Each structure stands twice: as structure tokens, then as C-alpha cells.
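Chemist: Sequence unavailable; structure follows:
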């Protein structure tokens, strides 16, 4: 009976050199070894078991501790036996051919299960072919919802834009915290002007909504509406 597990993983301890697997080998080149997801081809030998399914991978030197070692099988999709008319027809050859074909189907099934696919409940006529690659752009559903297209907006530029905005706000926050800590209340208005300029530059609509908000100040003086702060000249104990 064939084992449908075709992938075995180990966390290396820096001492172990022998790693077993229990799937049918078929041929030594089909056994692939990965360390932290990277294929390696040297430094080990594969020994299939003669009397049972499986085998072992023996390293010349133990892999480094903490590395994830994966032993798996990658078959070629091809005929193994060639039965000739009038030739010898042996049961062991037929079983080997059938086992190999089933193993190939099992391998393909595992690949398909990890692939993106359309929902079985979507009854639309959908074209699943992706559009030509466009650097820095996202792939989205088209207006009809029956295929894919490239987004006109460059995602990389948008991400950089947002990061710049966040960095600017963070810098303003740090400056404001430093000023408050030093009790330099007069400097807060200047930072507030900078914040308004940032809002106006990055998102004008947000500024238009924000400037309508007004509330009483907890100080003796009131800065008034946000839209008026550009023309306010505040004096505090004779100091600007």
C-alpha cells in the first residue's frame, strides 16, 4: 500500500545526520532536499530501503541547528514501463506502472490544492487568464466582474506616499512632545500650522471638513476657527 505523504520536515539540532522518509522512492533523483526552502544538491546521499517503502537521507556533516530540512518527492510525468505486444507481461511491472501513475496524480492533486481557483458557487462565465505583468500595479477584477485587469494606480507609489505622510506626522508628534515637555507652549501654534499644511497638502478634502470644527480653548485666549489660525497673532504676557 502506497503512503500518500510525500513530504517530511525536520528541525535540525546540529548533530543529526540521518533523516528518514516513508514514501516510495521510485528513483533516487526524484527525492529532493530543501534547507529553509532552498533546494540543495550536494553534501548528502539518498539510500532507499530495499525491503520496504521509504529510505533515508545521510548527510556528510549535520545541517546547522535551527534549519528546517524538508525531504520530498518530485516525480516526472512520464511512462515508466513500455509493454510490448507479445512480450513478457509481468504483474510486478504493471503494479509499478500503476503505482507511479497514481503517485503522479497524488502529486498533481497536492499542487492544485495549493493553487488559487474560482469558487464553485460562482456561475458567471469568467476568464481566469491574468493580464500581462505591469510592474508596481495590482491585479483587480474588471468592471464586469468576469476577468482580471491591471489597476491604473501604481501601488508602489501609493505605499511610498502613505509612508511619507506617516513619517511627517510622526516627526510633528515628536516635535510637539518635545515642546510640551519643555513648556514652550508658544511653539505649539507653529507646529499646528505645520500640521494644517500637511493636511492641506496630502488631503485637501479632509482639511475642508476639519476647518469647520471649533471649540473653546482651555487657555485665557482662543485661537478661534482652524481656518483663522493663519492670521492670528497671539500675545501671552507680552510675548509672541
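Modeler: Looks like it came in fine. What you see is a predicted model, and the numbers here were worked out from it, not measured in a lab.

Chemist: which residues of this protein fall in strands?
Modeler: Along the chain, the segments classed as strands by DSSP state E run 7-11, 18-21, 31-35, 38-40, 44-48, 55-59, 68-73, 137-141, 148-154.

Chemist: packing partners for the fourth one?
Modeler: The reference is to strand 38-40. strand 31-35 (3 or more CB pairs under 8 Å, 6 or more residues apart in numbering; DSSP states H and E). (Each C-beta comes from the backbone N, C-alpha and C, glycine too.)

Chemist: quick revisit: now the strands of the chain in TSV, with distance to residue 96 and mean neighbour count?
Modeler: Shown next, in TSV, are the strands of the chain (distance: least, CB to CB, whole Å; neighbours: other CB atoms under 10 Å):
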stretch	distance to residue 96	mean neighbour count
strand 7-11	22	13
strand 18-21	19	17
strand 31-35	17	17
strand 38-40	27	11
strand 44-48	14	16
strand 55-59	16	17
strand 68-73	15	19
strand 137-141	44	13
strand 148-154	43	13
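
Chemist: Dump these to a markdown table, plus mean pLDDT and distance to residue 80.
Modeler: As requested, those are exported to a markdown table (pLDDT from 0 to 100; distance: least, CB to CB, whole Å):
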| stretch | mean pLDDT | distance to residue 80 |
| --- | --- | --- |
| strand 7-11 | 94 | 22 |
| strand 18-21 | 96 | 20 |
| strand 31-35 | 95 | 16 |
| strand 38-40 | 95 | 24 |
| strand 44-48 | 96 | 16 |
| strand 55-59 | 96 | 18 |
| strand 68-73 | 95 | 14 |
| strand 137-141 | 86 | 40 |
| strand 148-154 | 85 | 39 |
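
Chemist: Tell me which of those lies nearest to residue 170.
Modeler: strand 148-154 (24.0 Å; CB to CB).

Chemist: okay, residue 198: pLDDT?
Modeler: The model reports residue 198 with a pLDDT of 69.

Chemist: thinking again about what came up before, will you turn the strands of the chain into a markdown table that also has distance to residue 113?
Modeler: Formatted as a markdown table, the strands of the chain follow (distance: least, CB to CB, whole Å):
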| stretch | distance to residue 113 |
| --- | --- |
| strand 7-11 | 13 |
| strand 18-21 | 21 |
| strand 31-35 | 19 |
| strand 38-40 | 22 |
| strand 44-48 | 26 |
| strand 55-59 | 25 |
| strand 68-73 | 15 |
| strand 137-141 | 22 |
| strand 148-154 | 22 |
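
Chemist: among those strands, which is nearest residue 90?
Modeler: strand 44-48 (20.7 Å).

Chemist: what's the offset of that closest one from the middle of its chain?
Modeler: The chain centroid and the centroid of strand 44-48 are separated by 34 Å under CA atoms, centre = their mean, to the nearest Å.

Chemist: so that strand versus strand 31-35, what angle?
Modeler: Angle between the axes of strand 44-48 and strand 31-35 is 140 degrees (criterion: axes from the mean of the first three to the mean of the last three CA atoms, to 10 degrees).

Chemist: and the angle from strand 44-48 to strand 68-73?
Modeler: Going by the same axes, to 10 degrees, strand 44-48 makes 40 degrees with strand 68-73.

Chemist: Who are the contact partners of residue 37?
Modeler: 68, 70 (CB atoms under 8 Å, 6 or more residues apart in numbering).

Chemist: For the residue nearest to residue 26 when sequence neighbours are not counted, give its distance to residue 21.
Modeler: Nearest residue to residue 26 in three dimensions, chain neighbours excluded: residue 100, at 6.1 Å (CB to CB, 6 or more residues apart in numbering). Residue 100 sits 17 Å away from residue 21, going by CB to CB, to the nearest Å.

Chemist: Residue 151 now?
Modeler: Distance from residue 151 to residue 21, by CB to CB: 44 Å.
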